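Participant: sequence first, predicted model second:
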Amino acid sequence: MVAAKHTKEEIFELLSQIVDPEIPAVTIEEIGMLQDVNITETGCEVIITPTYTGCPAMGIIEADIKALLDEHGIEAKVKLVYDPAWTTDMITDVAKEKMRKYGIAPPVNSSCGNITVAEREIECPQCGSQNTEVVSRFGSTACKALYKCNDCKEPFEYFKCH
């Protein structure tokens, strides 16, 4: 079976199940990495944008895309695009709420916001306090910073604006 027997919408529906391996509470669609699907004669081409250049999760995401579509009889090629560059503006409100519930503070402002001010107003995803401070500009990945809450004393990561 080739992708031509599947619509672009059906393939998008399948791809919307793939989670970000670094933040498994959100999908690659919700975080804005999934850009487009082009139907080809032999299958499809999935176009994704990494959140950061050199993001270590891209190989896993590419493999997950190919494996999922292969399970449905669809041959897929994955193309990484860097233009337009991914920004935190692409994260859906649903994904931001999922991040919060997962324990990661989502970006405060859009990528065009004042990052210096935004990073002083990070709300603790555990207790909601804004009495927080940065511990390290880098968390478990380059896209996150490590913070601590001065009220509940819990450490947490903040998904940085960019």
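Facilitator: Cool, the structure landed.
Participant: could you give the backbone dihedrals for the spatially closest residue to L15 that is not a sequence neighbour?
Facilitator: With C-beta to C-beta, 6 or more residues apart in numbering as the criterion, L15 has its nearest non-adjacent residue at 5.7 Å, and that residue is L34. Heads up, the C-betas are built off the backbone N, CA and C, glycines and all. Torsion angles at L34 (phi, psi; degrees, to the nearest 10) stand at phi -80, psi 110.
Participant: quick one, domains of this structure?
Facilitator: 3-80, 92-159 (automatic domain parsing).
Participant: for the first one, what is the average pLDDT?
Facilitator: Meaning domain 3-80. Here domain 3-80 scores 93 as its mean pLDDT.
Participant: next one: the last one
Facilitator: Here the mean pLDDT over domain 92-159 is 87, rounded to a whole number.
Participant: could you give the separation of it from the chain centroid?
Facilitator: Relative to the centre of its chain, domain 92-159 is centred 15 Å away, using C-alpha atoms, centre = their mean, to the nearest Å.
Participant: what do you get for stretch 22-30?
Facilitator: Worked out by C-alpha atoms, centre = their mean, stretch 22-30 lies 5 Å from the chain centre.
Participant: convert the C-alpha atoms of it to PDB, please.
Facilitator: What follows is stretch 22-30, C-alpha atoms only, in PDB (Å, rounded to 0.1, in the frame of the first residue of the first chain):
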ATOM      1  CA  GLU A  22      12.500  14.900  25.700                       C
ATOM      2  CA  ILE A  23       9.000  16.000  26.900                       C
ATOM      3  CA  PRO A  24       6.800  12.900  26.500                       C
ATOM      4  CA  ALA A  25       3.700  14.900  27.700                       C
ATOM      5  CA  VAL A  26       3.500  16.700  24.300                       C
ATOM      6  CA  THR A  27       3.400  15.600  20.700                       C
ATOM      7  CA  ILE A  28       5.600  16.800  17.900                       C
ATOM      8  CA  GLU A  29       2.500  18.400  16.400                       C
ATOM      9  CA  GLU A  30       1.600  20.200  19.600                       C
END
